[in-house]
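# I need the structure of the sequence given here:
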Amino acid sequence: MTDETEPVLLVEERGRVLVLTLNRPRARNAISLELATALGEALEALDRRDDLSVAVLTGAGGFFCAGMDLKGFARGEIPIIEGKGFAGLVERPPCKPLIAAVEGYALGGGFEIALACDLIVADDTANFGLPETKRGLTAGAGGLLRLAQRIPYHRAMELVLTGRMLPAEEAHGYGLLTTVAAAGGALDAALDLADRIAQNAPLALQASKRVIQESPDWPLEEKFARQWPIVNPIRKSNDAKEGATAFAEKRAPVWTNS
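Next comes the predicted model:
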């Protein structure tokens, strides 16, 4: 509990959008074992439920996440969930789209959480950083694995080796961020994006995400063959028929996840 009165993770449903708020503001939303467990369970529920299409992950108190809770670590608590990794997320993100809404700082593990999301929206106060080399450590929760896939190689190397901060505007210039909102507007911008995503067919969203994530490692000559088992069931789905029918009838589609 936060200050022994509030849950460490706030969970809210807005239609087909699940909003998850890291709620340890006094600790700058550092990830404790309790918070990692709660986040992992919430993301499992996201994938399990047909009535949810997308999630937004943000932080309370104008701060996204300062990484691992060092006080908890000193007590022997390591916020790593088996099979899911740090924060219950970085090694096995959900199958459904996940958007990070970042205000303030996303440092160390906090930046790695954002990198594990499919889209990042930030306000103009946001700063990102992997300062681990300054502390004699390495960014082992996905920062070293993902950052150079998101921004140019030499820029990623410079950020990792120097440990400097990456302001929102610069991050946006590298294509890391979908949107930079005015101060305090990251969550609203992320919710707007999530609403637009949630209007689309849930099965098609999941299949599209899977192909985009997995296909970079496929041999060039096998890429099309490997995508067919993922995308062909979508073409044959009831939702595909509904999408075409709704278009012809000039109405909003009614998805059934089938």
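
# Pull up the distance across stretch 176-192, start to finish.
Start to finish, the residues bounding stretch 176-192 are 18 Å apart (C-alpha to C-alpha, to the nearest Å).

# Now do that stretch, average pLDDT.
Averaging pLDDT along stretch 176-192 gives 97.

# do the same with stretch 144-153
Here the average pLDDT along stretch 144-153 is 96.

# So what's the gap between that stretch and the chain middle?
15 Å (C-alpha atoms, centre = their mean, to the nearest Å).

# for stretch 123-138, same thing?
For stretch 123-138, the distance to the chain centre is 17 Å (C-alpha atoms, centre = their mean).

# Between the two ends of that stretch, what distance do you get?
End to end - C-alpha to C-alpha - stretch 123-138 spans 27 Å.

# One more: stretch 42-59?
End residues of stretch 42-59 are separated by 15 Å (C-alpha to C-alpha).

# Ok, stretch 46-60 next?
Terminal-residue distance, stretch 46-60 (C-alpha to C-alpha): 20 Å.

# what residues does stretch 242-256 touch?
Counting by C-beta atoms under 8 Å, 6 or more residues apart in numbering, stretch 242-256 makes contact with 199, 201-202, 238-239, all of which sit outside it. Every residue, glycine included, has its C-beta placed from N, CA and C.

# run the last query once more with 10 Å
16, 50, 53, 198-205, 237-239, 241, 258 (C-beta atoms under 10 Å, 6 or more residues apart in numbering).

# Go through these and say which is closest to residue 151.
residue 205 (24.7 Å; C-beta to C-beta).

# Now for the closest one: which residues touch it?
53-54, 95-97, 118, 197-198, 234, 255.

# quick one: what helix or strand has it in it?
Assessed by DSSP states H and E, residue 205 sits inside helix 202-214.

# list the buried ones in that helix?
202-209 (16 or more other C-beta atoms under 10 Å).

# Considering these, which is situated nearest to residue 129?
Looking across the buried residues of helix 202-214 and measuring by C-beta to C-beta, the closest to residue 129 is residue 209, at 26.7 Å.

# Break down the stretch 51-200 of the chain into its helices, ranges please.
70-74, 109-116, 143-150, 153-162, 168-173, 186-198 (DSSP state H, counting those that start in this stretch).

# related to what we said a few turns ago, would you point out the most distant pair within the contacts of residue 205?
Every pair of the contacts of residue 205 checked by C-beta to C-beta; the farthest is 118 and 255, at 19.4 Å.
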